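S.K.: sharing a sequence plus its predicted fold:
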Amino acid sequence: MAVDYTQEAPVIEGNYSFRDISDIISKPMETIPDKKYFIALGISLSMFGVGILCWILTFVYGVGKWGNNVPVGWGFDITNFVFWIGIGHAGTLISAILFLFRQRWRTGIARFAEAMTIFAVINAALFPLFHVGRPWLGYWLFPYPNNYKLWVNFTSPLLWDVFAVSTYFIVSLIFWYIGLIPDFASLRERTKNKIKKVIYSIFSLGWRFSHRHWHNYEMIYLILAGFATPLVLSVHTIVSFDFAVSIIPGWHTTIFPPYFVAGAVFSGFAMVQNVLIFIRKIFNMEDIITIDTLEKMNKIIIVTGTMVGYAYGMEFFIAWYSGNPPEQFAFLNRAFGDYAWAYWIMVTCNVVFPQLFWIRKIRRNIIIMFIIGVIVNIGMWFERFVIVVTSLSRDFLPSSWDYFKPTLVDIGILLGSFGFFFTLIILFTKTLPVVSIAEVKAVLKQAQPSHHGEAQNG
Amino acid sequence: MSNTDYTLEYSKKPLPGKVFTIGIILTVIGIALLAIAYSVDYVRASFNIILLFSFVASISLCSIFLIALEYLAGAVWSVPFRRITEFLASLVLILPILALPVLLDLHTPFHWTHLEAIESDPILAGKRPYLNETFFVVRFIVIFILMSLFYWIFTSRSQKQDLSKDQKFTTQNIKFSAIFMLFFAVSMTIIALDWLMSLEPHWYSTIFGVYYFSGSVLAALAVVTLFSVILNEAGYLPKGITEDHYYSLGALMFAFSNFWAYIAFSQFMLIWYANLPEETFWYIQRGEGSWLYVSIGLIFVRFIIPYALLVSQTSKKNPRRLKFVSIWVLAAHFYDLYWLIAPNYSKDNAIFGWIELGVIILATGLIIVVFNLAAKNRNLIPIGDPKLKRAMEFRL
Amino acid sequence: MDKKLFCLAAIFDKVDDITKAAKKVAESEYKFFDVHTPYPVHGLSQKMKLKPSTLGYIALILGLSGAALALLLMYYTKTLNYPQNIGGKPTFALPAFIPITFEVTVLLASVGTVLAMLFIYFKFPNNSHPLHGTEYMDKVSLDKFGLIIEAKDPQFDEFKVKEFLGSLNPEVIMPIYYDPEDLNFKAEIFHPKFMLLLGVVIVLTAGISYILLNKWKQIPPRNWMWEQPRLNVQSSSSFFSDGFGMRTPVPGTVSRGNFPYVYSGLPDTMAKNLINPVLMNEYHLKKGKEHYNTFCSPCHGYFGKGDSRLNNQFPNPPSLHSDKLRNWTDGQIYHVITVGQNIMPSYASQLEPIERWQIVNYIRALQRALNAREEDLNE
């Protein structure tokens, strides 16, 4: 229990040599997957299959297959979009923001979280693409000179989304790839398989561990982190603008941008924590992805969860304070109207349950933290549902008020999006190093030179 | 980052008396100016007291926030500067004195106290349960007591640790920091809503608490940076504070400048875009006459110039640049608060005269005086902090 | 032994050794040296006396150009090329442009800087570097730290360098040679294998584009809205009892802008009620002349005298300058144009009401020209 503040807590537990680290991290890629792996893959693939079926139905028959209707024009699709984009945010936060803040515990989880970012963003981007109705004309969203002499509407937040999400995807991918280059080179040197060697050689681009390269490489990492940090804030901010620039009561609230970002990090961390619990167990990486790391993630979950709680309270208070009847009605309707059940699921899952993390024992208990992580994600999904659906179902025209009911296709797509996400993750664990080899080596105890003689330079 | 042979050599040097005298002189001039202001232009003076209060409250409350943040985040590099932050946090104790002139006469600055106006205004009548004199004063007193209590908790433990070097004080302070954060979030919001937003009682914005917080943290950071750099250069701090420490201070200021811009832009953007008359009038008021130039200037003063000054890596390590930016950022915070408050007493055009100057002089004087008084019998760095050795060895 | 030497390499086991060695070699006379480590070692850049990375400037330039590009694009499209009123915002709505400006800035700066680093700074991809496939690379990628001094260094002397490296106390010293295959390799554009690859790529790209654009995009549901459950013009329909797809409007329907003429057969009320709404000015006279010359002049003649191009082929129309016509009200002339008179047909289908009034004005002007009054001379 007693913590010694005079010593820095080690990032990696145990005494490992550089060779051990390479061995542990490369092992999943060098062994043939076992039965459990295929069972897991089978489950997620069948979920994915249901999703594909529902996507095909949507593709052929159109969005009429969904529950969206007047007045609730945004239903499960936009809820899922916001949810998945949010999941992605934890990855960039870990890889960029924690890097800028020199939080060294990020090394064990950064690669994995970045991969989750990329998968989540792909997942999220599908929803608005299909929501436009004719996804094969999706390229109309980009400004290019065309024979209609028309330009896209640059003042529309939905177009900002196009730019934000595609930029976010590209930059995350590049960030991820830049981190992977030295690892590809390590694998290239390790592997005995000729085909693998060719593949790794192509992706490593001929990296040769030169310090003249590391010198620029560290700079680019800093620059990319510097760009990715405001970028990740901007993405969910722009997603929140989709709602907040409108005048729908319950959507038009100035706190939306930071509130959405906090919520995104909140759910993203819960998801990363959930998946990492399995990874560290299955691949014997308990010393690299340590319990301390998980505890720190839980702390971030409670901080962001409290921020989200603050935003709920603030929204409610200002709705009353504003003296604006539609605004007051919108919030009362959220809490006590037709969707009160969703609202209270959201509040309990997001505000009440994470408070258990105040207790240190719970923060460090794998099973309980896993359950709370799941609860948080349920809560955050419902948060988006509440925002999207309750406000729309009670718009300015009482004659059109209606209750939104999802169809089976809606539910199938939601299930399929989880299947898609987990399929990608499961494939990722066996094809690429789930932890950065070079970065973990750099935080080992014996990795960095002692300070002798550096004080006068530094 | 271990096995160095760094040993801490610190012996307390008293701060020069000259500075204290300057502080006293500034305070006296400031008080005199504001006292004259009360007799010359009563309305303007009472708004200026709000300006002074919100400025000092920013620095004091956010200094406590920075202390708590250090404990919670387990930050190491900031330990040598924590005492300076604690001294600045003691400004919290003089907040009631600053608030007193306003609390005695809420009627002048606050429109919602005008009962005859409320009668014909159902919106204001609806806000009566929150916006009324008694509750306003009660809120202020509760916040003051809570914040002073936390100030006392943090500093007293930190002081005791200087002598005993017991690590349990750190553990205790970490726990209190977590609790503090909850109260702090609510207190900051209430101060922003009560003292700044309710000056225009019809206007509302959910992000306003965060807006005031973002600027306030920046101001607190700026004072801490300024004092740290000056004291370190003058040799009051022990050897071992390197440009890596400076870099961290500069980077935090840079980060919070951007954060402020983000919050300010979000608020403006959403109100501008939705274009609802019950919200836009607040910005329209700040776009009338010369206020337009003040508003545009705010973007440059508060964001673009600090951004440009701090963007490069070398500039964050440069003590001269840091000192300049700190002063700039402090001035910018004052500018920001002036932009929030002054349109309420000078609707058509921006005015800046000796009364506002008096506020600046008084605030500067108070910061210097309180800092000197707080530092009098205390060490300038927390010598008993278990993280101190690591902090001095901190490298990026 | 015709192998060409690339460099001499030394391998170290401890990170402290390599930092010391790097410092020494940086202080020596050798310029073409490099250090290889499995991960970035802190402080090594200073030891090697490397200049600070210039990538920051590239990012700055690219970022600024990204911002400028985005703003210019939005300014051009929204203000110059296709201005639109969206939500009452100005065409150049700066606050609304900031999100996209920011995104493009970030995109260009980060992608561009990464590409610049990989392809310009590092000259990647480079899998044929002499260090690849050596035992040295195998070790420094895993857990050892290596230092090389290249043979192209002007101060390079194999024995001296060996001695120097030996003084650094490495684990091993080894020479690294160029791969003779790499040295003799010449890039040929017309190499059959390369041409074959090129051919395959071209065929694939063209084929896929053809199929996607011409075939795939026309299979339902991607049929561009031309197949819809609707009735085409002039087609039959079994739905309606008369078998016609097109419907006639409900009796009494008035289409927009075509208010029916109510005075046919009512010559008296018409003269009183119809009042010329068109001003007698240059614009309307010009228009009136245009319409008159097109529709009236074939019979009435260009000056209204009844001496037209069709003279004597039809019953000649009367002159428009008769006293009877001069005394008609504007409404009466309008009425005749609208419903016709004797052999003259109705012009209602050819001329809009306003055009008829313009013609009336022009006829008035023609009449005035032949029957000028005293006061007209004054002007």
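M.R.: Done, it's in. Small disclaimer: the values here were computed from a predicted structure and weren't measured. Numbering: from 1, shown residues only, chains lettered A, B, ... in the order given.
S.K.: which strand is the longest one in chain C?
M.R.: strand C:5-12 (DSSP state E).
S.K.: what sits up against that one?
M.R.: C:18, C:21, C:130-131, C:136, C:139-140, C:144-151, C:158, C:161-162, C:165, C:168, C:170-178 (Cβ atoms under 8 Å, 6 or more residues apart in numbering or on different chains). Backbone N, C-alpha and C define where each C-beta goes, glycine included.
S.K.: which of these are buried?
M.R.: For these, a burial check counting by 16 or more other Cβ atoms under 10 Å in any protein chain shown picks out C:18, C:21, C:130-131, C:136, C:139-140, C:144-151, C:161, C:165, C:168, C:170, C:173-174, C:176-178.
S.K.: ok, and of these, which contact chain A?
M.R.: C:131, C:140 (Cβ under 8 Å from any Cβ of the partner chain).
S.K.: if we can go back for a sec, now do the buried residues in the longest strand of chain C.
M.R.: For strand C:5-12, by 16+ other Cβ under 10 Å, it's C:5, C:6, C:7, C:8, C:9, C:10, C:11, C:12.
S.K.: looking at chain C, which helix or strand does the model trust least?
M.R.: helix C:267-273 (a mean of 73; mean pLDDT, DSSP states H and E).
S.K.: got the CA positions of stretch A:231-242 in PDB?
M.R.: Provided in PDB are the C-alpha atoms of stretch A:231-242 (Å, rounded to 0.1, in the frame of the first residue of the first chain):
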ATOM      1  CA  LEU A 231      -6.600  17.100 -34.200                       C
ATOM      2  CA  VAL A 232      -8.200  14.600 -31.800                       C
ATOM      3  CA  LEU A 233      -9.900  17.500 -30.000                       C
ATOM      4  CA  SER A 234     -11.100  18.900 -33.200                       C
ATOM      5  CA  VAL A 235     -12.600  15.700 -34.400                       C
ATOM      6  CA  HIS A 236     -15.000  15.200 -31.600                       C
ATOM      7  CA  THR A 237     -15.500  18.900 -31.400                       C
ATOM      8  CA  ILE A 238     -16.700  18.900 -35.000                       C
ATOM      9  CA  VAL A 239     -18.900  15.900 -34.300                       C
ATOM     10  CA  SER A 240     -20.400  17.900 -31.500                       C
ATOM     11  CA  PHE A 241     -20.900  20.800 -33.900                       C
ATOM     12  CA  ASP A 242     -23.200  18.600 -36.000                       C
END
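S.K.: any chance you could list what contacts that stretch?
M.R.: A:78, A:81-82, A:85-86, A:89, A:92-93, A:96-97, A:157-158, A:160-161, A:164-165, A:167-168, A:171, A:256-261, A:263-264, B:262, B:266, B:269-270, B:273, C:99, C:102-103, C:106.
S.K.: for the longest strand of chain C, which strands pair with it and how are they oriented?
M.R.: Each strand that pairs with strand C:5-12, with its direction, by DSSP bridges: strand C:145-150 (antiparallel), strand C:172-177 (antiparallel).
S.K.: helix or strand right after it?
M.R.: Note on strand C:5-12: by DSSP states H and E, the next helix or strand toward the C-terminus is helix C:15-27.
S.K.: got a list of what residue 352 touches?
M.R.: You didn't pick a chain, so chain A it is. Contacts of residue A:352 (Cβ under 8 Å, 6+ apart): none.
S.K.: sorry, I should have been clearer: chain B.
M.R.: Contacts of residue B:352 by Cβ under 8 Å, 6+ apart are residue B:338.
S.K.: part of a helix, is it?
M.R.: No - if the criterion is DSSP: H, G, I helix; E, B strand; the rest coil, then residue B:352 is coil and not within a helix.
S.K.: quick check: phi and psi at it.
M.R.: Per-residue torsions, residue B:352: phi -140, psi 120 (degrees, to the nearest 10).
S.K.: quick check, pLDDT for it.
M.R.: Here, the pLDDT recorded for residue B:352 equals 89.
S.K.: how much space separates it from chain C?
M.R.: Going from residue B:352 to chain C by Cβ to the nearest Cβ, to the nearest Å gives 27 Å.
S.K.: farthest pair in the buried residues of strand C:5-12?
M.R.: The two members of those with the most space between them (Cβ to Cβ) are C:5 and C:12, at 21.0 Å.
S.K.: which SS state does residue 84 fall under?
M.R.: Since you didn't name a chain, this refers to chain A. Recorded secondary structure, residue A:84: helix (three-state DSSP).
S.K.: that's the other chain; I wanted chain B
M.R.: Assigned by three-state DSSP, the conformation of residue B:84 is helix.
S.K.: I'd like the distance between it and residue B:225.
M.R.: According to Cβ to Cβ, to the nearest Å, residue B:84 and residue B:225 sit 9 Å apart.
S.K.: and for residue C:28?
M.R.: Distance, residue C:28 to residue B:225, using Cβ to Cβ: 42 Å.
S.K.: looking at those two, which is more packed in?
M.R.: residue B:225 (26 against 13; other Cβ atoms under 10 Å in any protein chain shown).
S.K.: the more buried one contacts residue B:253, correct?
M.R.: Yes - counting by Cβ atoms under 8 Å, residue B:225 touches residue B:253, with 6.4 Å between them.
S.K.: overlap in contacts of the two?
M.R.: Counting by Cβ under 8 Å, 6+ apart, the shared contacts of residue B:225 and residue B:253 are B:325, B:326.
S.K.: please identify which helix or strand holds residue B:67.
M.R.: Going by DSSP H and E, residue B:67 is in helix B:42-73.
S.K.: with residue C:74 instead?
M.R.: helix C:55-75.
S.K.: quick one: mean pLDDT over that helix.
M.R.: For helix C:55-75, the mean per-residue pLDDT is 94.
S.K.: what packs against that helix?
M.R.: helix A:211-244, helix C:94-115 (3 or more Cβ pairs under 8 Å, 6 or more residues apart in numbering or on different chains; DSSP states H and E).
S.K.: and those as TSV, adding mean pLDDT?
M.R.: Listed next are the helices and strands packed on helix C:55-75 as TSV, based on pLDDT from 0 to 100:
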stretch	mean pLDDT
helix A:211-244	92
helix C:94-115	94
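S.K.: any idea which of these is most buried?
M.R.: Most buried of those by mean neighbour count (mean count of other Cβ atoms under 10 Å in any protein chain shown) is helix A:211-244; its value is a mean of 23.
S.K.: just checking, next helix/strand downstream of that one?
M.R.: helix A:256-282.
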